[in-house]
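okay, sequence plus prediction incoming.
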Amino acid sequence: MNIAIRNPVLARQPEGSVQVELDPNVKIGTAKVFAVYGKGGIGKSTTSSNLSVAFSKLGKRVLQIGCDPKHDSTFTLTKRLAPTVIDALEAVQFHSEELRIEDFVAEGYNGVMCVEAGGPPAGTGCGGYVVGQTVKLLKEHHLLEDTDVVIFDVLGDVVCGGFASPLQHADQALIVTANDFDSIFAMNRIVAAIHAKAKNYNVRLGGVIANRSAKTDEIDRFNAAVGLERVAHFPDLDVVRRSRLKKSTLFEMEPTPELVAVQTEYMRLAAHLWAGGKPLDAIPMKDRDLFEFLGFD
């Protein structure tokens with residue numbers, strides 16, 4: 001079956017951008033919503049899952065939504081590859097009223113609720129449509145009414161308007177980056193996407209999470225130039241790699257001083273975000289300006 005049986009509506013946005021137009025009546029509600037972006041492979045899913053746990057340990061009811069066709073955002077929480085929303089819809093021939101909550105929602109570690117939106121096979125559909133259908137399903141089953149925090153873990157770089165669609169639901173976007181050229185270059189493009197979306201939606205930049213980096217000097221220099229702030233720093237530790245292999249969050253690993261420091265940083269970040277850190281009005285650089293800006297050793 002071709003799962004792209006319903007076509008998303010495309011709308012021309014300001015400055016000639018063509019975006020997926022989601023149903024404006026489908027809103028998440030009162031939960032605080034964060035969308036996590038960053039260069040592919042930078043550790044967004046690791047960051048999202050551990051941040052979800054940190055929020056849950058603050059007593060918050062948390063829902064994490066993976067927005068990648070690989071559907072591997074939540075496996076450290078659920079200990080399995082959860083079925084996707086697209087899988088569930090396809091099983092009932094897209095009659096969403098026949099779905100049960102357990103068909104597309106799994107409970108993970110410490111009560112974090114997990115959903116994998118999934119996506120169409122390459123070249124057959126739009127990821128933005130899948131995100132829209134996921135939020136619609138959650139609303140239909142009243143799952144968002146009892147949720148305090150929603151975290152969208154978004155596919156790699158902003159490759160199209162469809163994968164920018166979580167920004168239409170988010171209050172704040174968080175960018176995960178490393179202290180290197182490629183990660184910062186990707187971050188600048190993400191800032192540009194968020195800057196464009198903020199003209200029509202309430203999303204704002206919430207800050208930068210430095211990941212897999214001993215130092216943050218290039219990140220901090222870029223942040224100062226464009227108007228961003230670093231809100232957390234997670235060094236490159238082997239325990240992170242081992243946690244993924246064990247299909248566990250960092251909060252389930254055997255404690256060591258360095259691990260406790262990372263757990264504490266996640267708890268501090270969750271408390272900061274819940275308190276409502278100030279939104280950032282960053283202005284992205286032109287690609288060539290950024291190329292010249294980033295330093296050479």
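Structure's in. What do you need?

residue 45 contacts residue 72, doesn't it?
Yes: with contact defined as C-beta atoms under 8 Å, residue 45 reaches residue 72; the gap is 6.5 Å. Yep, even glycine has a C-beta here, placed from its N, CA and C like the rest.

name the residues contacting each of these two.
Listed as contacting both residue 45 and residue 72 by C-beta atoms under 8 Å, 6 or more residues apart in numbering are residue 66.

neighbour count winner among these two?
residue 45 (24 against 15; other C-beta atoms under 10 Å).

which SSE is that one in?
helix 44-57 (DSSP states H and E).

what's that helix packed up against?
Counting contacts by 3 or more C-beta pairs under 8 Å, 6 or more residues apart in numbering; DSSP states H and E, helix 44-57 packs against strand 32-38, strand 62-67, helix 75-78, strand 149-154, strand 204-211, helix 238-245, helix 257-275.

which stretches in this structure count as strands?
9-12, 18-21, 32-38, 62-67, 106-107, 113-116, 149-154, 172-177, 204-211, 230-234 (DSSP state E).

of all those, which lies closest to residue 97?
Residue 97 lies closest to strand 113-116 among these, at 17.9 Å (C-beta to C-beta).

show me what the closest one is in contact with.
Contacts for strand 113-116 (C-beta under 8 Å, 6+ apart): 61-66, 71, 73-74, 77-78, 81-85, 104-108, 134, 138, 143, 147.

again, 7 Å this time
62-66, 71, 73-74, 77-78, 82, 84-85, 104-108, 134 (C-beta atoms under 7 Å, 6 or more residues apart in numbering).

likewise for stretch 205-222?
34, 42-43, 47, 172-179, 184, 191, 194, 223, 228-236, 273, 277, 279-280, 282, 294-295.

quick one: buried ones out of those residues?
34, 42-43, 47, 172-179, 184, 191, 194, 223, 228, 230-235, 273, 279-280, 282, 294 (16 or more other C-beta atoms under 10 Å).

show me which positions of stretch 242-254 end up buried.
For stretch 242-254, by 16+ other C-beta under 10 Å, it's 243-244, 248-251, 253.

among the residues you listed, name the ones in helices.
Of the buried residues of stretch 242-254, the ones assigned to helices by DSSP state H are 243-244.

which pair in the buried residues of stretch 242-254 spans the largest distance?
244 and 251 (13.7 Å).

buried residues in stretch 70-88?
Neighbour-count burial for stretch 70-88 flags 71, 73-78, 82-86, 88 (criterion: 16+ other C-beta under 10 Å).

and the closest residue to residue 233 other than its chain neighbours, how far from residue 178?
Take residue 233 and drop its neighbours on the chain: the residue closest to it by C-beta to C-beta, 6 or more residues apart in numbering is residue 210, 4.4 Å away. For residue 210, the distance to residue 178 equals 7 Å [C-beta to C-beta, to the nearest Å].
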